[in-house]
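> How does the following fold in three dimensions:
(4 chains)
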Protein chains: 2
Amino acid sequence: MSLRYALLALLRVGPLSGYDLQKQFSQSVGHVWHAPDSQIYPELRKMASEGLIEPEEQTRGRLGTRRVYHVTDAGDRAFLDWMRCPLDYQRVRDPAHLRAAYLETTDAESARRFLRAHIAQWEAELAQWEREIERIDAVENPMLVRRLAVTAEADRERTIAYKRFAYEGLVERAQGEIAWARRGLDLVDRLGR
Amino acid sequence: MSLRYALLALLRVGPLSGYDLQKQFSQSVGHVWHAPDSQIYPELRKMASEGLIEPEEQTRGRLGTRRVYHVTDAGDRAFLDWMRCPLDYQRVRDPAHLRAAYLETTDAESARRFLRAHIAQWEAELAQWEREIERIDAVENPMLVRRLAVTAEADRERTIAYKRFAYEGLVERAQGEIAWARRGLDLVDRLGR
DNA sequence: TTTATCATGTAAGGTGTTACATGATTTA
DNA sequence: TAAATCATGTAACACCTTACATGATAAA
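I've put the predicted structure just below:
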């Protein structure tokens, strides 16, 4: 159910089309939440039918239509309510740790390949998140800039600080995963003999 | 698709019923993978129809039937193939970090409540995982004991070491989440003024 | 004129959750 | 006799993924 709140968070800054949102989801915010276009367009329609957002139809050329969505008062309230209510945490379901627990059932080379892929995966995420933090510090991120433009002076520091805080958490998680997998490689070496 | 491999991993140690598997998923292995009974029973049927496992029907009392599943050679191969092939990592979708990035939109008390709940959530997981490590060290975990019973002497050290390694990773992740949320609380205090 | 980007969707299928539904056996 | 545990499922729905499908506009 968080998809709609991720969408609302973006739209609260200013009206965007499904296409714009999709781009955000594969760029900056995509590092915290991701959804494909096939999920975004229907969800926007549904949110519009529930009165959380309102489409502003724009014609593009002769035939094309572009729907730019605005957050309604109801949508704003829905987002703020979500921010105040407890999050529901799902039970762990972690393929990587599941596999790690059974690494003795495979050969050392497969074990190493798995751990190296795990490192590569998290190093890629880490690089993106670190770059995002740099962009936050430099106030370069376009969405952040737009948000700051509609934010009262007094709230700007908090806006930046919490965004940075969120990414710091992701960076630390990635670093932890990498350190863990590196220790795993050492373990394979030690047990391999 | 990992549910079936989690099931195979458990069944490879020895035949179990849907009920037994469900219990494992809410206990020891449940700390790495979880599934409700409504997902387990149909999946077992499907796996049986694909020849990965075979049911041994046992009558309980006059009417009750209990199906204990054995892993077939095909099932064993499927598991080992999965252990050798690359894992597919899903894109991040993290409600807690999504919310953290927008914490300036809510009041300090809601922010604190969220962070405290995050800490409580991960402390509960941490406690379970730490207990699990203790049980691994003491060779008390029933599934581990069963597994060691069907494991060649030479592989016992590896079996224990990898299981411990998997849980260590989870413990470190939980510690990271807790430390991050604690810093978040400090941040709320600092920005609140 | 071709390619990239803008723009919006449908369809099918897999995965996961919650609630519902039933009944037997064992232990206190 | 009551409660706990054993035991197996169905139904409806939410969420997510992958592939398919179409066409306009802008830039090279």
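> how big is the angle separating the longest helix along chain A from helix B:153-192?
Counting residues, the longest helix in chain A under DSSP state H turns out to be helix A:153-192. For helix A:153-192 against helix B:153-192, the angle by axes from the mean of the first three to the mean of the last three CA atoms, to 10 degrees is 170 degrees.
> do helix A:153-192 and chain B meet?
Yes - against chain B, helix A:153-192 shows contacts by CB under 8 Å from any CB of the partner chain at A:155, A:157-159, A:161-163, A:165-170, A:172-173, A:176-177, A:179-180, A:183-184, A:187, A:191. For every residue, glycine as well, the C-beta is placed using N, CA and C.
> how would you label A:H70: helix, strand or coil?
strand (DSSP: H, G, I helix; E, B strand; the rest coil).
> chain center to the helix or strand of chain A with the lowest mean pLDDT: distance?
Ranked by mean pLDDT, DSSP states H and E, the weakest helix or strand in chain A is helix A:142-149, scoring a mean of 87. A distance of 17 Å separates the centroid of the chain from that of helix A:142-149, by CA atoms, centre = their mean, to the nearest Å.
> follow-up on the earlier one: report the angle between the longest helix of chain A and helix A:142-149.
Going by the same axes, to 10 degrees, helix A:153-192 makes 150 degrees with helix A:142-149.
> what about the closest residue to DNA strand C within chain A, neighbour count?
Across chain A, the shortest distance to DNA strand C (CB to the nearest atom of the strand) belongs to A:S38, at 3.0 Å. For A:S38, the count of nearby residues is 9 (other CB atoms under 10 Å in any protein chain shown).
> Confirm that it sits in a helix.
Yes - the assignment for A:S38 is a helix, going by three-state DSSP.
> before we move on, the earlier item: which strands and helices sit next to the least confident helix or strand of chain A?
In terms of contacts (3 or more CB pairs under 8 Å, 6 or more residues apart in numbering or on different chains; DSSP states H and E), helix A:142-149 is packed against helix A:2-13, helix A:153-192.
> most packed of those?
helix A:2-13 (a mean of 22; mean count of other CB atoms under 10 Å in any protein chain shown).
> Say whether DNA strand C is contacted by that one.
No - counting by CB under 7 Å from any atom of the strand, DNA strand C is not contacted by helix A:2-13; separation bottoms out at 12.7 Å.
> can you tell me the average pLDDT over the following helix or strand past that helix?
Toward the C-terminus, helix A:2-13 is succeeded by strand A:16-17 as the next helix or strand (DSSP states H and E). Strand A:16-17 carries an average pLDDT of 96.
> Show residues contacting strand A:16-17.
A:10, A:24, A:66-69 (CB atoms under 8 Å, 6 or more residues apart in numbering or on different chains).
> Please repeat the previous calculation with a cut-off of 10 Å.
Applying CB atoms under 10 Å, 6 or more residues apart in numbering or on different chains, the contact partners of strand A:16-17 are A:7, A:10, A:22-24, A:40-41, A:44, A:53, A:55-56, A:58, A:66-70, A:143, A:146.
> now those: which count as buried?
By neighbour count, with 16 or more other CB atoms under 10 Å in any protein chain shown, the contacts of strand A:16-17 hold A:7, A:10, A:22, A:24, A:40-41, A:44, A:53, A:55, A:67-69, A:143 as buried.
> Serialize those to JSON lines and add fields for distance to A:W129.
Shown next, in JSON lines, are the buried ones among the contacts of strand A:16-17 (distance: CB to CB, whole Å):
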{"residue": "A:L7", "distance to A:W129": "21"}
{"residue": "A:L10", "distance to A:W129": "18"}
{"residue": "A:Q22", "distance to A:W129": "20"}
{"residue": "A:Q24", "distance to A:W129": "16"}
{"residue": "A:I40", "distance to A:W129": "23"}
{"residue": "A:Y41", "distance to A:W129": "28"}
{"residue": "A:L44", "distance to A:W129": "27"}
{"residue": "A:I53", "distance to A:W129": "29"}
{"residue": "A:P55", "distance to A:W129": "33"}
{"residue": "A:R67", "distance to A:W129": "31"}
{"residue": "A:V68", "distance to A:W129": "29"}
{"residue": "A:Y69", "distance to A:W129": "28"}
{"residue": "A:M143", "distance to A:W129": "15"}
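> distance of the residue of chain A closest to DNA strand C from DNA strand D?
As defined by CB to the nearest atom of the strand, to the nearest Å, A:S38 lies at a distance of 3 Å from DNA strand D.
> I figured A:S2 was touching B:Y102, is that so?
No - assessed by CB atoms under 10 Å, A:S2 is found out of contact with B:Y102, at 11.6 Å.
> Now the common contact residues for these two.
A:9, A:32, A:82.
> pLDDT-wise, what's the bottom of those?
Among these, A:V32 has the weakest pLDDT, 89.
> what's the spacing between the nearest residue to A:G169 once chain neighbours are set aside and DNA strand D?
Nearest non-adjacent residue to A:G169, counting by CB to CB, 6 or more residues apart in numbering or on different chains: B:W180, 4.3 Å away. Distance of B:W180 to DNA strand D, computed by CB to the nearest atom of the strand: 22 Å.
> how deep is A:G18 tucked in, by neighbour count?
The number of residues near A:G18, taken as other CB under 10 Å, comes to 20.
> and chain A, what are its domains?
Using automatic domain parsing, the domain parsing of chain A gives A:2-84, A:95-192.
> is the last one up against DNA strand C anywhere?
No - Domain A:95-192 stays out of contact with DNA strand C when judged by CB under 7 Å from any atom of the strand, the minimum separation being 8.8 Å.
> and the end-to-end length of that domain?
End-to-end distance for domain A:95-192, by CA to CA, to the nearest Å: 23 Å.
> Thanks again, I'm all set now.
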